[in-house]
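K.L.:
Got a sequence here, can you build the structure:
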Amino acid sequence: MKSNTQPSIKKTFKIVHITSVHTYEDTRILLKECSSLASNHYKTYLVAPNAPLEGCTINKVNVIRGIKDIHINRVERVTKSLYQTYKTAKDLDADLYHFHDPELIPVGLSLKNKGKKVIYDVHEDLPRQTLSKDYIPQGIRTITSFGLERIENFAVKYFDALVTATPHIRDRFLKLGCHAVDINNYPIISELHIPNLDWQEKEKAVCYVGGITEIRGIFTMIEAMSQVDGALLLGGNFFYSQEQEQAKKMKGWSNVKELGYLNRMEVGQTLAKSMAGLVVLHPTMNYLDSLPVKMFEYMSAGLPVIASNFPLWKEIIEGNNCGICVDPLDTKEISQAIQWIFEHPQEAQKMGKNARRAVENKYNWENEAKKLLSLYERFLKS
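P.N.:
Model (predicted):
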C-alpha cells in the first residue's frame, strides 16, 4: 500500500548581514560568519560599503554595495547613507538580518518593525570604547559614553539575539535580560598555518599587524626596538598622520620595516618570517577584557606572543606557555622580551608550538562557527 505522505521540502533560509563601517572583505564578517553560513546551505548576502557596484560572489556569499564610500564623514554616513543601506537590505526580503555596527541600530529597529528577525553583532564595548576615542573632545567623553550606553541598552531589548565578540561584552547584555551569545573572533585553523616551517629560515624579527596608534603601542614598540638588535615588521596603516610623522623621527625607526596595509596572504607571509608577534596595547578600559584577533592569529601561525600583562591575557599566554607578558608601558621590559626571543630560538619555537596547539584545541573559528549555526537554527528552524 502506497503512503500518501509527501517528502518534506527543506526550506533554504535567506540571511542578510549588514555593515556600514567595515569593508566588504572584513575577516570576521565575510570570511568567518557569512562564509560559514553560506557553506551550511543558508542563502547568504552581505550588504557592505565599497563593494563592487555590480556585486560579486565570494565563498558563496552574495556581496552587494550598501554605501559607496566607507570614508565619508560620520554625519553623512549616519543620515542619508544609512537610508540607502536600509533600503538595499530591506529589498532583499530576508528571513533574518544580522547587522554589525552601532550606527545601524535604527536600521535594525526598522527591520524589526517590519516583522523581521534581527541579530545585533556587538564587536566592541561601545561605551568603554568611547572613553578612549581621540576624535571625541576629552571634556565630553564621559557624558557621551553614558548617553550611548543608555541608547544601546534600550535598543538591544528589541532584537531577537545579540552576538558579542567577547564573553565580557556578552555578560553586560545578559544582565539586561537579552539573549546574548559570545562568538569569539578566533582564527580559522588552516588560514595562517604553514606546516613544517623551518624556524631557521625566519628573520631576526618580530612583527605587529593591525591598526597603528599610540594607544595600541606604536611608540613603545619603536622605542623598544632602539634597544635590540633586530627588526620590527610593521603591517597596517597609521590612523593619524601626525603619529606617523612622530614615529619616523624616533631613534628606533631605523629598525622598523614599514609594510603598510597587508592582505591576508601578505599577513601570513609576514608572520612566517617573524620569531614573535607583538600585542602591547595600553591598559585602557576597552582593552583590558578584549580578545584581540592579532594575538590569536600570531598563535595560529605558531608564533610566541609578547603581550600586555592584563590578567585575561596572562591567563591565555602564560597558561599555555606560549609567550611573554610585559608591562606595555615599560619599553625596557618589551625590549628584553624581544631580545630573549632572539637569543633563545629553540625555546621560542617551543612556545610557538604550544601556541599553535592551543589554537587547534580551543581558540579557533571552527568551534565558534558551531555556536553561530546553533543560534541561527534556534531562530529559523525551530
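K.L.:
quick one: the helices in the stretch 251-382 of the chain?
P.N.:
Using DSSP state H, counting those that start in this stretch, the helices of the stretch 251-382 of the chain run over residues 264-273, 285-288, 293-300, 311-317, 331-343, 345-361, 365-380.
K.L.:
winner for burial among those?
P.N.:
Neighbour counts (mean count of other CB atoms under 10 Å) averaged over each of the helices of the stretch 251-382 of the chain peak at helix 293-300, with a mean of 27. To be clear about C-beta, it is placed using only N, CA and C from the backbone, and glycine gets the same treatment.
K.L.:
Give me the residues contacting it.
P.N.:
Helix 293-300 has contacts (CB atoms under 8 Å, 6 or more residues apart in numbering) with 27-28, 185-189, 191-193, 207-210, 267, 271, 276-277, 279, 304-305, 307, 313, 316-317, 322, 355-356, 358-359, 363-364.
K.L.:
Now a PyMOL select for only the buried ones of those.
P.N.:
Per 16 or more other CB atoms under 10 Å, the buried members of the contacts of helix 293-300 correspond to this PyMOL selection:
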select buried, resi 27+28+185+186+187+188+189+191+192+193+207+208+209+210+267+271+276+277+279+304+305+307+313+316+317+322+355+356+358+359+363+364
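K.L.:
and the contacts of helix 293-300, which of them are in strands?
P.N.:
207, 208, 209, 276, 277, 279, 305, 307 (DSSP state E).
K.L.:
lowest average confidence, helix or strand, in the chain?
P.N.:
Every helix and strand of the chain was ranked by mean pLDDT, DSSP states H and E. The lowest is helix 74-77, at a mean of 61.
K.L.:
Name all residues that make contact with the closest residue to residue 167 other than its chain neighbours.
P.N.:
Excluding its sequence neighbours, the residue lying closest to residue 167 (CB to CB, 6 or more residues apart in numbering) is residue 182, at 4.7 Å. Counting by CB under 8 Å, 6+ apart, residue 182 makes contact with 163, 164, 165, 166, 167, 169, 170, 371.
K.L.:
6 Å instead, please
P.N.:
Listed by CB atoms under 6 Å, 6 or more residues apart in numbering, the contact partners of residue 182 are 164, 167, 170.
K.L.:
how about TSV for the residues you listed, with pLDDT and secondary structure added?
P.N.:
Listed next are the contacts of residue 182 as TSV, based on pLDDT from 0 to 100; DSSP: H, G, I helix; E, B strand; the rest coil:
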residue	pLDDT	secondary structure
164	97	strand
167	96	helix
170	96	helix
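K.L.:
would you turn the residues you listed into CSV with distance to residue 13 and neighbour count?
P.N.:
What follows is these, written out as CSV (distance: CB to CB, whole Å; neighbours: other CB atoms under 10 Å):
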residue, distance to residue 13, neighbour count
164, 23, 24
167, 28, 16
170, 24, 20
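K.L.:
shaky segments in the protein?
P.N.:
1-10, 68-80, 134-135, 382 (pLDDT under 70).
K.L.:
again, 50 this time
P.N.:
Scanning the chain for pLDDT under 50 picks out 1-3, 6-9.
K.L.:
Would you quantify the distance from the closest residue in space to residue 194 that isn't next to it in sequence to residue 280?
P.N.:
Distances taken as CB to CB, 6+ apart put residue 272 closest to residue 194, at 5.4 Å, once the chain neighbours are dropped. In this structure, residue 272 and residue 280 are 21 Å apart, going by CB to CB, to the nearest Å.
K.L.:
Looking at the ones in strands among the contacts of helix 293-300, which one is closest to residue 378?
P.N.:
Lowest distance from residue 378 to the ones in strands among the contacts of helix 293-300 (CB to CB) belongs to residue 279, with 34.1 Å.
K.L.:
residue contacts, that closest one?
P.N.:
292, 294, 295, 307.
K.L.:
can we see that at 8 Å?
P.N.:
208, 217, 292, 294, 295, 298, 305, 306, 307, 308, 313.
K.L.:
same check, this time on residue 165
P.N.:
Residue 165 neighbours (CB under 8 Å, 6+ apart): 28, 121, 122, 123, 124, 182, 183, 184, 185, 291.
K.L.:
May I have the residues that are in contact with the first one?
P.N.:
I take that to be residue 28. Contacts of residue 28 (CB under 8 Å, 6+ apart): 123, 165, 185, 293.
K.L.:
Residue 363 is in contact with the third one, correct?
P.N.:
The one in question is residue 185. No - under the criterion of CB atoms under 8 Å, residue 185 is not in contact with residue 363, lying 10.0 Å apart.
K.L.:
hang on, residue 53 packs against residue 65?
P.N.:
Yes - between residue 53 and residue 65 there is a contact under CB under 8 Å: 5.9 Å.
K.L.:
out of these two, which sits in the more crowded spot?
P.N.:
residue 65 (19 against 9; other CB atoms under 10 Å).
K.L.:
measure that one to residue 92 for me?
P.N.:
Going from residue 65 to residue 92 by CB to CB gives 13 Å.
K.L.:
and for these two, which residues touch both?
P.N.:
Joint contacts of residue 65 and residue 92 (CB under 8 Å, 6+ apart) are residue 47.
K.L.:
what's the helix or strand for the spatially closest residue to residue 155 that is not a sequence neighbour?
P.N.:
Ranked by CB to CB, 6+ apart and with sequence neighbours excluded, the top spatial neighbour of residue 155 is residue 105, at 4.8 Å. Here residue 105 sits within helix 105-113, counting by DSSP states H and E.
K.L.:
Same question for residue 62.
P.N.:
Per DSSP H and E, residue 62 falls inside strand 61-65.
K.L.:
That's all I had, so thanks and see you.
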